[in-house]
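Undergrad: Based on what follows, work out the 3D shape:
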Amino acid sequence: MARISIRPLLGAGAAVFTVAGVAPAQAADFDPMFQDHAVLQRERPIEVWGQAVAGERLSVEIAGHAAQAKAGSDGHWRARLDALPAGGPYELKLTGAKGEVRTVSDVMVGDVWLCSGQSNMEFPVRRGLDYETEIAASDNPNIRLLMIPRISHAQATGPSRCRSNGRSRRRTTSRISPPPAISLAANCNATRRRRSA
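TA: Numbers count the residues shown, from 1 in each chain. Next up, the predicted model:
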């Protein structure tokens with residue numbers, strides 16, 4: 001019976017594991033919250049953040065306003081842009097040290113509503129009274145929706161950072177299903193009040 005030595009195999013396996021365990025250089029990018037169709041809060045300094053190679057110097061720009069940032073040792077960066085009035089659509093651009101550009105399109109500046117809670121926050125418009133009328137009256141491409149997936153407390157506070165991996169969408173009756181009823185009602189009521197003022 002032939003004997004096979006496993007020492008060379010273990011050494012090769014360890015070498016492959018070590019090489020595969022090295023993280024590749026990360027291209028500069030925005031946090032997933034900053035994506036096409038996003039809304040940034042009007043009339044307040046605009047904070048944006050993301051990831052890049054540790055120590056990389058970056059430039060962020062929107063509507064002719066620019067800010068500089070440098071990625072920390074953990075690869076995370078943060079920049080503060082000047083406040084803007086309501087308007088858009090704009091392009092939010094991130095330029096890395098090597099000149100590579102990441103562009104987020106169709107960004108509006110306006111009012112950001114954070115709706116949080118339990119099941120009442122997920123109650124869909126289509127289950128409400130007179131929902132056809134409400135949906136038809138809300139056809140407004142300037143209403144944007146970012147749904148953040150539910151996560152546990154341990155996921156939010158654990159060693160890996162909580163990432164906003166939801167997806168921003170423009171609100172039109174023909175393109176997407178309606179948002180949760182309470183967020184749509186709050187936005188539509190605020191819009192009506194501004195128009196009548």
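Undergrad: Give me the domain ranges for the protein.
TA: As recorded under automatic domain parsing, the domains making up the chain are 24-110, 113-197.
Undergrad: got those as a markdown table, with mean neighbour count and mean pLDDT columns?
TA: From N, CA and C alone the C-beta is placed, and that goes for glycine too. Putting these into a markdown table (neighbours: other Cβ atoms under 10 Å; pLDDT from 0 to 100) gives the following:
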| stretch | mean neighbour count | mean pLDDT |
| --- | --- | --- |
| domain 24-110 | 16 | 95 |
| domain 113-197 | 13 | 64 |
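Undergrad: which residues in this protein form helices?
TA: For the chain, helices defined by DSSP state H occupy the ranges 7-20, 131-137, 153-157, 181-196.
Undergrad: tell me the contacts of residue 28?
TA: The neighbours of residue 28, taking Cβ atoms under 8 Å, 6 or more residues apart in numbering as the test, are 50-53, 56, 58, 71, 77, 94-97, 100, 102.
Undergrad: Between those, which sits nearest residue 148?
TA: Within the set of those, residue 50 lies nearest residue 148; the separation is 16.8 Å, counting by Cβ to Cβ.
Undergrad: Which residue is the nearest non-sequential neighbour of that closest one?
TA: Counting by Cβ to Cβ, 6 or more residues apart in numbering, residue 50 lies nearest to residue 30, which is 4.3 Å off, once chain neighbours are set aside.
Undergrad: my guess is that neighbour meets residue 47, correct?
TA: No: at 11.7 Å, residue 30 does not count as touching residue 47 under the criterion of Cβ atoms under 8 Å.
Undergrad: Quick check: residue 97 touching residue 54?
TA: No: with contact defined as Cβ under 8 Å, residue 97 does not reach residue 54; the gap is 11.6 Å.
Undergrad: what's near enough to touch residue 59?
TA: Under the criterion of Cβ under 8 Å, 6+ apart, the neighbours of residue 59 are 66-69, 94-95.
Undergrad: can we see that at 10 Å?
TA: 28, 66-69, 79, 93-97, 101 (Cβ atoms under 10 Å, 6 or more residues apart in numbering).
Undergrad: Redo those as JSON lines? Include distance to residue 141.
TA: What follows is the contacts of residue 59, written out as JSON lines (distance: Cβ to Cβ, whole Å):
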{"residue": "28", "distance to residue 141": "30"}
{"residue": "66", "distance to residue 141": "28"}
{"residue": "67", "distance to residue 141": "28"}
{"residue": "68", "distance to residue 141": "33"}
{"residue": "69", "distance to residue 141": "31"}
{"residue": "79", "distance to residue 141": "28"}
{"residue": "93", "distance to residue 141": "22"}
{"residue": "94", "distance to residue 141": "25"}
{"residue": "95", "distance to residue 141": "28"}
{"residue": "96", "distance to residue 141": "31"}
{"residue": "97", "distance to residue 141": "36"}
{"residue": "101", "distance to residue 141": "26"}
